[in-house]
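> Let me see the structure of the following:
(3 chains)
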Amino acid sequence: MLEVARDCIGALLVHEGPEGTVSGRIVEAEAYRGPEDRAAHSFGGRRTPRTEVMFGTPGHAYVFFVYGMHWHVNLVTGAPGQPQAVLLRAVEPLQGVELMARRRRMDARRRELTNGPGKLCQAFGIDRALYGADLCQPPLYLAPPPPGSPAPRVATSPRIGVDYAGEWRERPWRFFDADSPYVLRARRRS
DNA sequence: TGAATGATTTACT
DNA sequence: GTAAATCATTCAA
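This next block holds a predicted model:
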């Protein structure tokens, strides 16, 4: 599953919605390991209407809502019964930048357009309607990087926003393209 | 039925 | 740097 998270970096995310098609290059993702991972929603094997899709077959979208105003998208990776997922945190906009900017109500050139999980979902128009969607076909799917594109320099770091996860917090399960300006605060070493 | 809380973002001091 | 916004989901009763 960690391999899947790493391989996501550089791949394309495409959403063909009623308002148009948007796509972007994935530059940041985090792995959530399942029942043993305190930071995961499926910690302890909790199987609820919300986490249900993670227990199913891989390749589907786990979409959920947090903080009363933000959606997140995950790629379900574990085999059936293995509730693992990869959270997509940031992309570089490619197609449909104007549509993203309209949805986000900001200038299309700003990095803030898609450099966070909630921002990405807003820009892509991802919401509850895409819960459990098959990520191998439209309207929402992943595509391999375009041929000839340079392999990204993938770096790792601890995950973000999961301080409550105790020992699991420090696991370097966040993967990102070290050269992308769309990755939030690529932390400098001291 | 009701209360607590969060895989965040944004605005403000 | 700190805090508010804001509600689906979850857990307790």
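> Up against DNA strand C, what does chain A have?
Contact residues, chain A versus DNA strand C (CB under 7 Å from any atom of the strand): A:41, A:46, A:48-51, A:64-65, A:67-69, A:128. Quick note: C-beta positions are derived from backbone N, CA and C, even for glycine.
> Check chain A and tell me which residue is nearest its centre.
Geometric centre of chain A, nearest residue: A:Leu88, 0.8 Å, by CA atoms, centre = their mean.
> Among the residues of chain A next to DNA strand C, which pair sits farthest apart?
Pairwise distances among the residues of chain A next to DNA strand C were taken by CB to CB; the largest, 23.4 Å, belongs to A:Arg46 and A:Met69.
> and those two? which has more neighbours close in?
Neighbour count, other CB atoms under 10 Å: between A:Arg46 and A:Met69, A:Arg46 has more, with 13 against 8.
> Let me know the pLDDT of A:Arg188.
Reported pLDDT at A:Arg188 in the predicted model: 45.
> shouldn't A:Gly20 be in contact with A:Gly96?
Yes: with contact defined as CB atoms under 8 Å, A:Gly20 reaches A:Gly96; the gap is 5.5 Å.
> Neighbour count: these two, which is higher?
Using other CB under 10 Å as the criterion, A:Gly20 and A:Gly96 rank with A:Gly96 on top: 24 against 14.
> residues contacting the more buried one?
Applying CB atoms under 8 Å, 6 or more residues apart in numbering, we find A:Gly96 in contact with A:20-23.
> which of these count as buried?
Neighbour-count burial within the contacts of A:Gly96 applies to A:22-23; the criterion is 16 or more other CB atoms under 10 Å.
> With secondary structure, pLDDT and distance to A:Asp134 added, can I get the contacts of A:Gly96 in TSV?
Shown next, in TSV, are these (DSSP: H, G, I helix; E, B strand; the rest coil; pLDDT from 0 to 100; distance: CB to CB, whole Å):
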residue	secondary structure	pLDDT	distance to A:Asp134
A:Gly20	strand	93	21
A:Thr21	strand	96	17
A:Val22	strand	96	18
A:Ser23	strand	96	17
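> now stretch A:144-157, how far from the chain's geometric center?
Offset of stretch A:144-157 from its chain centre (CA atoms, centre = their mean, to the nearest Å): 16 Å.
> Other residues contacting it?
Here stretch A:144-157 makes contact (CB under 8 Å, 6+ apart) with A:6, A:9-12, A:25, A:27, A:172-180, A:186-187.
> Among these, which ones are in helices?
Of the contacts of stretch A:144-157, the ones assigned to helices by DSSP state H are A:Arg6.
> ok, A:Tyr131 - contacts?
A:53, A:61-64.
> pLDDT at whatever residue of chain A ends up closest to DNA strand C, what is it?
Closest contact between chain A and DNA strand C, by CB to the nearest atom of the strand, is at A:Gly68 (2.6 Å). Note on A:Gly68: pLDDT of 92.
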